[in-house]
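S.K.: fold the following for me, if possible:
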Amino acid sequence: MKNILLAIILSTAATAISQGAVCPKGAKPSERIYVCDVSKFTVQEQLFFTSIQGITAQNKPRIYLIRESDTDNFWLNYLLEKKYIKETVNADPWKLHEMFRSEISGAVVFDPKLSAYVNAATMISGIEKLAICTPEIAERTGLPIKIDLRDKWKTNSEVYTWAIDNLYPKLNKSIICSLYPYAAGGWLRDYLIQHKIFTFWISKPGDKDIVGQTPDEEEVMGNILKKWRSNIPVIGFWYAGADELGINEYNGLTLAGKSGKFSVVHDWATNTSIHSGIRVSPDVFKQKHAPKLTLDRSKIYVMMIQFESGDAPFYWQRLQYKDWLQDVHGKFPMGWCLGPLTLDLLPAVLQWHYENASPNDYFFCSMSGVGYTMTHAFGDGMPNKEQVWKRFLSMTNTYMKRLDLDMVSLHTDAWHAEPQYEDSIVFKRYTDNISGLKAILSDFGRLEKLDLERAAHIANGVPVFHTLSRWDTRWDTAEKIDDVEYLVEQMQSFTPKSRPAFMSIMALSWTCRPDIIKKAMDRMGSDYVFVTPEQMVDLYKQSRASSE
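M.R.: Model prediction:
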């Protein structure tokens, strides 16, 4: 009976996903959008404007905030071009609270001395429709203070424990958020307020923002995370910037993964309340294909891929499009990782990239499925681990079909981990549960013990290509790095001896822009043939067929 009930639950959930979205989508934006340039305002002022944007979006998104002129205006113009928005009106952001006064219940005032108050105010704002104010902003606008959080708590853990005890019944149960309280001036908070999303942050010793920090924060949040069901996204991110505020990426992914949750990196996104409401025709998301090639057994075939960053929806909005505007884009074979939930959060942004892709561009599902997770940790703290995995892969399968994706990249573990080959349980999960899977692109950087001669192999009938390069760990330091030279050195140093050879090379997106990648390709000899991931799979199959 339990198995039958579980099957019914999984089937019902799968049907819901096939018809809806993993990340919640609000109403379609209004035909008339009020555009406010807030780029010159303080973080606290931007937080106030963003809260009004989120509150009003609960009814219908109508406010578009310009944070960075080039990016936000680029996408606003595209929405107008596609007629997703019909009309824009420039507005004074300090008039928003007057324009939409009937939808705002008043103000919630937070204490800037304890940064966790910002997250508490965000949750309260969504539930009670209260604009987030400092005392000064409340006085300036004349909004009545309905909730005053000043001097209410002393530690971060107290804030989030209070939120669970008092707000949980009214919070969204399908998504949660990890967000540094002052990340990007609160850019994402319009979406968090719109959908009443539980928002937290885990600090760590050594953070600059140490007010309210206690050693039990990770334990407290680990227990809180278990209140939400498995296979929902943790939107936002786990650390904030070069100072590595927070528990860091690896530890955050592990913590979320233990309770069967995956990450959607979206902390630097703007106007998600507007973008997520856009409805794009599913016919848009079709890949273009490069011509098939005939195998030359003397050659070294290389697929250059950006394994990371494309998993983050905000990356397509803020950085990827700029790379694609380079003249060199589309003139060489390239694989681009794509986080499937970009479809929920920024569908029109994704539409632009599919429209502007060339046959040399090939999209594949990013680490390690419908959301960002590490396969070695996912579901490890759950009593029904295999059912958690099945649900995760069912969702992954659905979104891959929606986006015409047939390959998936996997974050298997840290670089010192043992490589997985033909008998991998992880590989088998994917090959068994994702229909039409053409290839697995394994490992977020070359594993130390990887056998170069086994870097390409077959697992359960599906080709697997292990990453043969790493990003330079000095990329975010003051030490000068020649990115072209480094990429060339990685390819030359880790070329397998056998021929034909098949190499999966990762070009770190943060440093290897298209012009850098093209220069590195041009430095390689004629023995190296660069191909798309789709061409790589076909060539590898040709090599297997001719050798058997």
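
S.K.: low-confidence ranges in the stretch 401-548 of the chain?
M.R.: In the predicted model, the stretch 401-548 of the chain carries pLDDT under 70 at residues 474-479, 546-548.

S.K.: can you map out the strands along it?
M.R.: 407-410, 439-442, 456-459, 462-466, 501-506, 528-530 (DSSP state E, counting those that start in this stretch).

S.K.: make a markdown table out of these and add distance to Tyr160 and mean neighbour count.
M.R.: Where you see a C-beta, it was placed from the backbone N, CA and C, and this is true even at glycine. Shown next, in a markdown table, are the strands of the stretch 401-548 of the chain (distance: least, C-beta to C-beta, whole Å; neighbours: other C-beta atoms under 10 Å):
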| stretch | distance to Tyr160 | mean neighbour count |
| --- | --- | --- |
| strand 407-410 | 32 | 28 |
| strand 439-442 | 36 | 27 |
| strand 456-459 | 41 | 19 |
| strand 462-466 | 40 | 23 |
| strand 501-506 | 36 | 24 |
| strand 528-530 | 49 | 19 |
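
S.K.: who wins for proximity to Met99 among these?
M.R.: Closest approach to Met99 among those (C-beta to C-beta): strand 407-410, 45.4 Å.

S.K.: hmm, back to that, columns distance to Ser309 on top of the strands of the stretch 401-548 of the chain, output as a markdown table?
M.R.: Listed next are the strands of the stretch 401-548 of the chain as a markdown table, based on distance: least, C-beta to C-beta, whole Å:
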| stretch | distance to Ser309 |
| --- | --- |
| strand 407-410 | 12 |
| strand 439-442 | 15 |
| strand 456-459 | 24 |
| strand 462-466 | 19 |
| strand 501-506 | 11 |
| strand 528-530 | 20 |
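
S.K.: and the residue nearest to the spatial centre of the chain, what does it touch?
M.R.: The chain has Ala312 as the residue nearest its centroid, 2.6 Å off, counting by C-alpha atoms, centre = their mean. For Ala312, the residues meeting the contact criterion (C-beta atoms under 8 Å, 6 or more residues apart in numbering) are Val264, Val265, His266, Gly339, Tyr372.

S.K.: low-confidence stretches in this structure?
M.R.: Those would be 1-19, 184-185, 208-210, 242-244, 474-479, 546-548, if you go by pLDDT under 70 across the chain.

S.K.: quick check: closest non-adjacent residue to Trp352.
M.R.: Tyr78 (5.9 Å; C-beta to C-beta, 6 or more residues apart in numbering).

S.K.: that's a helix at the one you found, yeah?
M.R.: Yes - checked against DSSP: H, G, I helix; E, B strand; the rest coil, Tyr78 lies within a helix.

S.K.: how close does the nearest residue to Ser178 once chain neighbours are set aside get to Arg32?
M.R.: Closest residue to Ser178 apart from its sequence neighbours, by C-beta to C-beta, 6+ apart: Gly236 at 4.5 Å. Noted for Gly236: a distance of 30 Å to Arg32, by C-beta to C-beta, to the nearest Å.

S.K.: neighbour count: these two, which is higher?
M.R.: Shown here are Gly236 and Arg32; by other C-beta atoms under 10 Å, Gly236 has more neighbours (26 against 11).

S.K.: for that one, what are its contacts?
M.R.: For Gly236, the contact set (C-beta under 8 Å, 6+ apart) comprises Cys177, Ser178, Leu179, Ala183, Leu188, Thr199, Val264, Val265, His266, Asp267.

S.K.: Ser115 too?
M.R.: Applying C-beta under 8 Å, 6+ apart, the residues near Ser115 are Asn156, Tyr180, Pro181, Tyr182, Trp201, Asp209, Val211, Gly212.
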